[in-house]
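# just a sequence and a predicted model for now, questions to come.
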Amino acid sequence: MDTSVFEKYLFGKANRGDIILVEYPSTYPVEEFSWSFLIPALVERGGVVIGDFFGIGDLMFRKYTRKVSGKGYSKIIELIKEIKIVKIGPGSASYGEVIEEVVPVYDSHSFLKNYHTVINKMTHFPTKPEYFVTFGIALYVHFGGDEAVKAILTSISTIPLEEWVGIHFINVDILSREHVAMLEEMASMVFYISKDGLIVKKGGEAFDSGGG
């Protein structure tokens, strides 16, 4: 996949505090995009924390490493030394340093409490990360329904992520259209990736309405 358009938006237009969605269908091998391009690029630009729901990030990592060998494998092993992980729910997290383990909750008060704990820990790193990436958040919304979306919205509106760019991988095939729409409304930029390439769904240039 040609990643130049995504790079143009992410590294040329995204600001700290922006929420970026990367939507994909369930049959798309998102591990190729995330681990061959995105994660290495983010590590080079100042570090990354990954929020891994139900071990989906670990699953993606393992699928990717099975396909690489030699220098490519050595490079990815060196890369993961720079990655910090917030582990959310069951599952493994073998591709970095786990800095926090969180039990998935669906009521807004408990989610906000966990969210605040993670944000507080990240802001006290000697070198603050510039990017926060999540894998598996669509599963969290699928399992929790409206309450899960409400918890996310409450936390973001209460404690905005103003110190880093948030990039969230969303498997749209497991969510309702309404829940996808709610997540998209929160986002500054929305991309859709599939075997046909990348589409910019939100975040393009504003247009002049022609008003006086």
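Nice, I can see it.
# contacts, neighbours, all on C-alpha from now
Noted.
# name the spans of the chain whose pLDDT lies under the cut-off.
205-212 (pLDDT under 70).
# report the central residue of this protein.
His168 (2.6 Å; C-alpha atoms, centre = their mean).
# dump the residue contacts of it.
The neighbourhood of His168, defined by C-alpha atoms under 8 Å, 6 or more residues apart in numbering, consists of 19-22, 133-135, 137.
# let's have those in CSV, adding secondary structure.
Listed next are the contacts of His168 as CSV, based on DSSP: H, G, I helix; E, B strand; the rest coil:
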residue, secondary structure
Ile19, strand
Ile20, strand
Leu21, strand
Val22, strand
Val133, strand
Thr134, strand
Phe135, strand
Ile137, helix
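# roughly how far apart are Thr3 and Leu38?
To Leu38, Thr3 is 9 Å away according to C-alpha to C-alpha, to the nearest Å.
# more neighbours: those two, which one.
Counted by other C-alpha atoms under 10 Å, Thr3 and Leu38 do not tie: Leu38 has more neighbours, with 17 against 12.
# helix, strand, or coil at that one?
With three-state DSSP as the criterion, Leu38 reads helix.
# next, count neighbours for Asp2.
8.
# ugh, typo on my part, it should be Val5
Residues near Val5, counting by other C-alpha under 10 Å: 11.
# ok, Glu178 next?
10.
# so which residues of the chain form helices?
With helices called from DSSP state H, the chain shows them at 4-12, 30-33, 39-44, 56-65, 71-79, 108-123, 137-158, 177-186.
# my guess is Asp154 contacts Ser108, does it?
If you look again at residue 154, you'll see it is Thr, not Asp. Yes. Thr154 is in contact with Ser108 according to C-alpha atoms under 8 Å; the separation is 6.6 Å.
# picking up where we left off before, so which of the contacts of His168 is the closest to Met186?
Ile19 (7.2 Å; C-alpha to C-alpha).
# that closest one: what's it in contact with?
Taking C-alpha under 8 Å, 6+ apart, one finds 165-168, 186-189 in contact with Ile19.
# 7 Å - rerun?
Each residue near Ile19 by C-alpha atoms under 7 Å, 6 or more residues apart in numbering is listed here: 165-167, 187-189.
# Serialize those to TSV and add fields for neighbour count and distance to Lys71.
Shown next, in TSV, are the contacts of Ile19 (neighbours: other C-alpha atoms under 10 Å; distance: C-alpha to C-alpha, whole Å):
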residue	neighbour count	distance to Lys71
Val165	21	30
Gly166	25	30
Ile167	22	27
Ala187	18	36
Ser188	17	36
Met189	22	34
